[in-house]
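Chemist: 3D model of this:
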Amino acid sequence: MQVLLYHIFLGLFRLAIRIASPFNKKAQQWREGRKGVMEYLEQRIQPADRVIWMHCASLGEFEQGRPLLEALRLAYPGHKLLLTFFSPSGYEVQKKYQGADYICYLPLDGPRTAKRFISLTHPELVIFVKYEFWFFYLKKIFYQQIPLLLVSALFRKEMNFFKWYGALSRKMLARFQHVFVQNEASLQLVKHLGLGAISSVAGDTRFDRVLAIASQAHPLADIEAFSAQQPLLVAGSTWPEDEIAIQKALQDPQLDSLKLIVAPHEISAGHLAALQDLFKDSIRYSEWKKDRPATRVLIIDNYGMLSRLYRYATIAYVGGGLHKAGLHNTLEAAVYSIPVLVGPVHTKHAEALALLEQQAAFSFGSQAHPATLQEILIDLHNHPDRCRTAGQKAGAYVRQHAGATKRILSYIQENRLLTN
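Modeler: Numbers count the residues shown, from 1 in each chain. Down below sits the predicted model:
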């Protein structure tokens, strides 16, 4: 019965995308991007190729899978790497990524689709990152006895796996040869499903990723010139709600010496114009870098700088905590040993909760954290020692939780899932 309902879901999903695509850019990209995927694979992957396949739902999952993908490249140079995405927000950003040999959308699940996809790619190892469970793909991989791993998984008791109606989800989870979870709480939940024998805590590979970025980051001379060694708030991946909250907070005279860099989640022309209207004393980065006029607020109008911007911050604000989409990656900021500010929508993010518990991060606007953003900023700004101590705790937390990539790679090598 549940498989039938799954078939119905796939049909309805396909229909919804078709209806939405003329009006919604992402739906259009999702649909158009899947045209010709099988032909792409058939033309490029040769029968003799030894393929490792990693699937990521979107960009966030790619950032988690990337350290492992790059470690596999070094450990198994004779293999080809296939990287697939479900969402346009992952594929469109990373379709030119040089670390994989083949990059494409994952065709929508189905018995014939899964059979053809696996036949064309003939992977020796399959890795799914964090989320996304596709019944027919997992079934085909399982019955062909291809090693199948789930990495950086995070489970919460409200998920389908732990509900009375979650039999199909539990069946899909049992297809994996091994499930690497991020923390002990997730492991205990999986054990309740009777899958403790195939599960272990490896940690979150994002810790390895942000440490690698921080160690390889090149200086940004323009940003150094803008900050001019003054206190600097870097607000990353912000939504309009975040930006309004920051603008209101900075109106206090005690924060007049605090400069601001905003790197919004969306850099459309309309949003950038709205930001400049909100922050009167602001200029876009592309315009400022030409002659460097005096300004308090710099608006980043490109993608790709954020992970390097945080290194210049005195305080970081990570966006999404006031938006239904949820909080963005706090580790990108914490790795630089700076305190992190977040909104109240963060409870599904284990690393944010841990940073808050260690007083390396600060939340505002909720019953649990009633302080306002302005109050927190004033406190950190007026007490540099307190700010510095919180930042040191943030950096220490990231370093203490590194190593997930090495643990997963060791499992692959010790169990000889791949051979050179």
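Chemist: what residues go with each domain of the chain?
Modeler: As assigned by automatic domain parsing, the chain contains the domains 2-203+403-414, 214-400.
Chemist: wait, which of the ones you listed is closest to N420?
Modeler: Between N420 and the domains of the chain, the shortest gap by Cβ to Cβ is with domain 2-203+403-414, which sits at 5.8 Å. C-beta: built from backbone N, CA, C; applies to glycine.
Chemist: From the chain's centre, how far out is that closest one? Work that out for me.
Modeler: Counting by Cα atoms, centre = their mean, to the nearest Å, domain 2-203+403-414 is centred 15 Å from the centre of its parent chain.
Chemist: same question, stretch 351-369
Modeler: The answer for stretch 351-369 is 20 Å, by Cα atoms, centre = their mean.
Chemist: and the domains of the chain as CSV, adding distance to N420?
Modeler: Converted to CSV, these look like this (distance: least, Cβ to Cβ, whole Å):
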stretch, distance to N420
domain 2-203+403-414, 6
domain 214-400, 26
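Chemist: Reformat the ones you listed as TSV; add mean neighbour count.
Modeler: Listed next are the domains of the chain as TSV, based on neighbours: other Cβ atoms under 10 Å:
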stretch	mean neighbour count
domain 2-203+403-414	17
domain 214-400	18
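Chemist: now these in CSV, with mean pLDDT?
Modeler: Output for the domains of the chain, formatted as CSV (pLDDT from 0 to 100):
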stretch, mean pLDDT
domain 2-203+403-414, 94
domain 214-400, 93
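Chemist: Next one: the residue nearest to K157 when sequence neighbours are not counted from L356, what distance?
Modeler: Spatially, and ignoring its direct neighbours in sequence, K157 is nearest to L189 (6.2 Å; Cβ to Cβ, 6 or more residues apart in numbering). L189 sits 22 Å away from L356, going by Cβ to Cβ, to the nearest Å.
Chemist: The stretch 101-250 of the chain: helices as residue ranges?
Modeler: 111-121, 135-143, 167-173, 184-192, 205-216, 221-227, 240-249 (DSSP state H, counting those that start in this stretch).
Chemist: Remind me what the last one packs against, helices and strands.
Modeler: This means helix 240-249. The contact analysis (3 or more Cβ pairs under 8 Å, 6 or more residues apart in numbering; DSSP states H and E) places helix 240-249 against strand 232-238, strand 259-264, helix 269-278, helix 373-382.
Chemist: Could you save these as JSON lines and add columns showing distance to L150?
Modeler: Putting the helices and strands packed on helix 240-249 into JSON lines (distance: least, Cβ to Cβ, whole Å) gives the following:
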{"stretch": "strand 232-238", "distance to L150": "26"}
{"stretch": "strand 259-264", "distance to L150": "31"}
{"stretch": "helix 269-278", "distance to L150": "36"}
{"stretch": "helix 373-382", "distance to L150": "37"}
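Chemist: Nearest to S200, out of those?
Modeler: Among the helices and strands packed on helix 240-249, if distance is taken as Cβ to Cβ, the winner is strand 232-238, at 31.1 Å.
Chemist: quick check: angle from that closest one to helix 269-278?
Modeler: Comparing the axes of strand 232-238 and helix 269-278 via axes from the mean of the first three to the mean of the last three Cα atoms, to 10 degrees yields an angle of 150 degrees.
Chemist: and strand 232-238, which strands flank it?
Modeler: With DSSP bridges as the test, strand 232-238 is paired with strand 259-264 (parallel), strand 315-318 (parallel).
Chemist: quick one, it and helix 373-382 angle?
Modeler: 140 degrees.
Chemist: Can you tell me what sits against strand 232-238?
Modeler: Residues from elsewhere that reach strand 232-238, judged by Cβ atoms under 8 Å, 6 or more residues apart in numbering: 242-243, 246, 250, 258-265, 306, 309-310, 312-320, 328-329, 332-333, 377.
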